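Sequence and predicted structure, then a few things I'm wondering about:
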Amino acid sequence: MHKLRGFLAWVFAFTALVCLRIAFTTTLQTIHGHYNLLVLRNLLVLLAPAMNAVQCLVFGAAWWTIWKGRPSARRWGIAASLIYVLIFCSLAYFLYLSRSGWSEFRLFLSMFWVILAIGIAGLIAFLRRYKQAEPIPEIPNIPGDGTNRVVNKAAPFIAFATALWAYHWWLGWLGANGIAETSLNRIALATLIGLLITLLHELCHTATGLVLGMKLRAFIVGPFQWRIHDGKWSFQFRPAEILFAGGATGVVPGSMDFPRWRSLCMMTAGPLMSLVSGVFALWIGFAERGNSRLQADGLPVLFGAWSLAGCAINLVPIRTKDGQYSDGAMIYQSLSSGPWGDFHRIMAAVGSTVVTPLRPRDYDIETILRLARSFPQGRQGLLLRLYAYSYFLDHGRLSDAAQAIREAGLIYQQCSSEIPAELLTVFVFCNAYICGDAAAAQGWWTHMQAKKPTQFNVDYWRAYSALHWVEGNLKEANEAWKKSNELAQQLPKAGAYEFDRYCCALLRKVLDESAVARTASSI
């Protein structure tokens with residue numbers, strides 16, 4: 001529902017611009033037009049631009065308050081949604097007054113059902129009281145990431161305006177060529193084209209990486225999402241993501257010394273595909289020869305416009321609100337001499353552990369520790385310290401592992417909203433097994449439960465077992481360990497899962513020692 005409200009916010013922004021344009025146009029017509037001096041007629045003429053101006057203010061306020069997460073967003077969202085419903089009802093009423101038949105009414109529905117659908121969706125999203133999502137704290141600029149604070153903030157507006165311009169240009173092209181399409185067809189075609197552009201972009205990333213010796217661990221195109229989860233490919237369909245048609249590809253190297261130029265080729269392949277396919281589509285759309293159905297529908301025109309616009313925006317170094325980077329930023333960071341190139345290499349190596357024999361003990365710890373000094377805070381700093389913890393634990397250096405977790409815990413307080421609940425199992429296990437601090441382990445466990453974890457996997461049950469062990473509840477600890485170990489034994493032979501089995505063996509050892517000590521004390 002939160003994503004629906006976010007999508008509606010941009011719909012309201014678009015509607016505000018349309019109302020502003022209509023208000024400006026009708027005002028000019030009122031000033032320069034020749035009307036009778038009838039008072040009532042003049043009032044009606046002046047009322048039209050005034051009403052459009054009011055609607056512009058309502059839709060603009062709805063967009064702004066929703067985007068900013070203001071408490072008044074709910075009221076403005078309801079008001080904007082009601083305007084949509086009232087517009088549809090007004091159009092239907094005037095159609096009824098014209099005594100039109102059933103065929104005209106069906107044509108009316110095919111053209112204006114979207115207006116009613118947006119209004120109803122808005123009322124569903126905003127009428128029910130909801131808790132405002134916690135605002136994501138602004139991520140401070142990290143030197144060397146190639147992005148600019150102003151550009152980062154302007155990027156969503158630029159992307160929205162560019163997509164809107166391309167769509168408007170496509171509609172104009174359809175009208176100029178005498179092509180009639182219903183609103184339903186236009187929206188459906190535009191959605192499919194957006195997904196197709198994303199699919200080709202991500203497929204080119206993937207194919208290039210596989211040819212260069214990389215391995216695939218995730219593939220996302222809008223609502224269609226494939227990931228390796230606990231050693232197996234899993235598929236999720238998230239309908240809300242169809243509104244944004246975003247994509248991602250997880251291709252990782254097969255070794256620690258993977259050449260950087262191959263990773264760069266993989267990064268540039270996606271934008272290159274968008275550029276080539278966009279130019280080719282426009283060439284088909286404007287080709288003089290042929291009268292194919294593809295040309296008649298005008299689909300290549302919209303495909304080409306959106307593809308080229310997406311390529312241009314994606315090549316600009318941008319950091320999104322949730323800390324993700326565009327392809328342009330990733331390419332710049334990999335080419336730069338700063339810490340970002342090494343950071344991406346470490347991230348790729350960590351991702352490789354789920355599809356290759358690489359284990360945490362194989363990490364380049366010197367690079368990780370050096371990067372940790374360059375990233376003293378934020379999600380990057382937290383992840384680097386967790387990677388260092390895994391390396392030290394895999395080597396049996398428990399005191400160094402505990403120190404890494406303590407540093408990670410201090411950073412977590414600054415970026416807790418970005419961290420999923422499942423990652424907190426590491427803090428529970430370390431404080432219980434390595435530090436022997438029952439109070440700290442229980443505090444992290446309580447915090448994790450408050451975030452409502454959804455994955456009850458090896459890490460979850462191992463942390464639960466370690467927590468009960470440090471609290472002296474051996475029966476519950478053994479039961480949780482059995483669940484963790486059963487899941488660990490089912491995982492495939494990859495480095496990350498060998499590390500899971502290793503951690504289970506460490507915990508099994510202390511559980512057995514505690515059982516022996518308890519038996520000896522009772523004799």
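Thanks, I have the structure now.

From here on, just use CA atoms for contacts and neighbour counts.
OK.

quick one: average pLDDT of the one helix or strand Leu199 maps to?
Using DSSP states H and E, Leu199 sits in helix 183-211. Looking at helix 183-211 alone, the average pLDDT works out to 85.

what does the helix or strand that contains Leu382 contact?
Assigned by DSSP H and E, Leu382 belongs to helix 378-394. Taking contacts as C-alpha atoms under 8 Å, 6 or more residues apart in numbering, the residues outside helix 378-394 that touch it are 139, 350, 360-363, 365, 368-369, 371-372, 375, 398, 400-402, 404-405, 407-408, 411-412, 414-415, 418-419, 499, 502.

tell me the contacts of Trp63?
Leu8, Ala9, Trp10, Phe12, Ala13, Gly77.

For these, could you give me TSV that also reports secondary structure and neighbour count?
Output for these, formatted as TSV (DSSP: H, G, I helix; E, B strand; the rest coil; neighbours: other C-alpha atoms under 10 Å):
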residue	secondary structure	neighbour count
Leu8	helix	25
Ala9	helix	25
Trp10	helix	21
Phe12	helix	25
Ala13	helix	21
Gly77	helix	27
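
any idea which of these is closest to Lys153?
Trp10 (15.0 Å; C-alpha to C-alpha).

element containing the residue nearest to that closest one when sequence neighbours are not counted, please.
Counting by C-alpha to C-alpha, 6 or more residues apart in numbering, Trp63 is the residue found nearest to Trp10 once chain neighbours are left out, at 6.4 Å. Using DSSP H and E, Trp63 sits in helix 39-68.

Find the centremost residue of this structure, please.
Geometric centre of the chain, nearest residue: Gly246, 7.2 Å, by C-alpha atoms, centre = their mean.

can you map out the helices along the stretch 401-523 of the chain?
425-429, 438-450, 458-470, 474-490, 495-522 (DSSP state H, counting those that start in this stretch).

Show me which of those helices has the highest average neighbour count.
helix 458-470 (a mean of 26; mean count of other C-alpha atoms under 10 Å).

Need the contact partners of that one.
Under C-alpha under 8 Å, 6+ apart, the answer for helix 458-470 is 422, 425-426, 428-429, 432-433, 436-438, 441-442, 474, 476-481, 483-485, 487-488, 500, 504, 507, 511.

same thing with stretch 213-220?
Here stretch 213-220 has contacts from 202, 206, 209-210, 225-228, 246-254, 351-352, 354-355, using C-alpha under 8 Å, 6+ apart.

Mind checking which of these land in helices?
Glu202, Thr206, Gly209, Leu210, Gly351, Ser352 (DSSP state H).

Nearest to Ile331 among the residues you listed?
Among the ones in helices among the contacts of stretch 213-220, and counting by C-alpha to C-alpha, the member closest to Ile331 is Gly209, at 14.7 Å.

What count of nearby residues applies to the closest one?
25 (other C-alpha atoms under 10 Å).

so what's it closest to, chain neighbours aside?
Per C-alpha to C-alpha, 6+ apart, closest to Gly209 is Met266, 5.2 Å.

check contacts around that neighbour.
Residues near Met266 by C-alpha under 8 Å, 6+ apart: His205, Thr206, Thr208, Gly209.

Generate TSV for those residues, with distance to Ala92 as supplementary columns.
As requested, the contacts of Met266 are exported to TSV (distance: C-alpha to C-alpha, whole Å):
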residue	distance to Ala92
His205	48
Thr206	49
Thr208	53
Gly209	54
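
closest to Phe303 among these?
His205 (19.1 Å).

so that closest one sits right up against Leu272, yeah?
No - contact status for His205 versus Leu272: not in contact, 9.6 Å apart, counting by C-alpha atoms under 8 Å.

If you count surrounding residues, which of the two has more?
Neighbours were counted for His205 and for Leu272 using other C-alpha under 10 Å; His205 has more, 26 against 17.

residue boundaries of the strands in the stretch 51-200 of the chain?
Along the stretch 51-200 of the chain, counting by DSSP state E, counting those that start in this stretch, no stretch forms strands.

got any ranges where it has weak pLDDT?
95-113, 130-143, 173-174, 177-187 (pLDDT under 70).

Now the residue nearest to Gly209: phi and psi?
phi -60, psi -40 (degrees, to the nearest 10).

Report the separation between it and Asp327.
10 Å (C-alpha to C-alpha, to the nearest Å).

ok, back up a step: with distance to Leu20 added, can I get the contacts of Trp63 in TSV?
Formatted as TSV, those follow (distance: C-alpha to C-alpha, whole Å):
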residue	distance to Leu20
Leu8	18
Ala9	16
Trp10	15
Phe12	12
Ala13	11
Gly77	18
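
Point out the least confident one among those.
Within the set of those, pLDDT is lowest for Trp10 (72).

Quick check: that residue vs Ser81, distance?
Trp10 is 13 Å from Ser81, by C-alpha to C-alpha.

swap in Lys482?
53 Å.

distance between stretch 204-217 and the chain's centre?
The chain centre lies 22 Å from the centre of stretch 204-217; the measure is C-alpha atoms, centre = their mean, to the nearest Å.

Pull that stretch out as PDB, backbone CA atoms only.
Extracted in PDB, the C-alpha atoms of stretch 204-217 (Å, rounded to 0.1, in the frame of the first residue of the first chain):
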ATOM      1  CA  CYS A 204      22.500  -7.700 -21.800                       C
ATOM      2  CA  HIS A 205      24.100  -7.200 -18.300                       C
ATOM      3  CA  THR A 206      23.500 -10.900 -17.600                       C
ATOM      4  CA  ALA A 207      24.600 -12.300 -21.000                       C
ATOM      5  CA  THR A 208      27.800 -10.300 -21.000                       C
ATOM      6  CA  GLY A 209      28.700 -11.300 -17.500                       C
ATOM      7  CA  LEU A 210      28.100 -15.000 -18.200                       C
ATOM      8  CA  VAL A 211      30.200 -14.900 -21.400                       C
ATOM      9  CA  LEU A 212      33.000 -13.300 -19.400                       C
ATOM     10  CA  GLY A 213      33.000 -16.100 -16.800                       C
ATOM     11  CA  MET A 214      30.700 -14.600 -14.100                       C
ATOM     12  CA  LYS A 215      27.800 -16.400 -12.400                       C
ATOM     13  CA  LEU A 216      24.200 -15.300 -12.000                       C
ATOM     14  CA  ARG A 217      22.600 -15.000  -8.500                       C
END
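
Buried ones in that stretch, by neighbour count?
For stretch 204-217, burial by neighbour count (16 or more other C-alpha atoms under 10 Å) applies to Cys204, His205, Thr206, Ala207, Thr208, Gly209, Leu210, Met214, Lys215, Leu216, Arg217.

Stretch 332-344: how far from the chain's middle?
23 Å.

hang on, I meant stretch 163-177
Taking mean C-alpha positions (C-alpha atoms, centre = their mean), stretch 163-177 and its chain are 28 Å apart.

now do stretch 312-320
For stretch 312-320, the distance to the chain centre is 15 Å (C-alpha atoms, centre = their mean).
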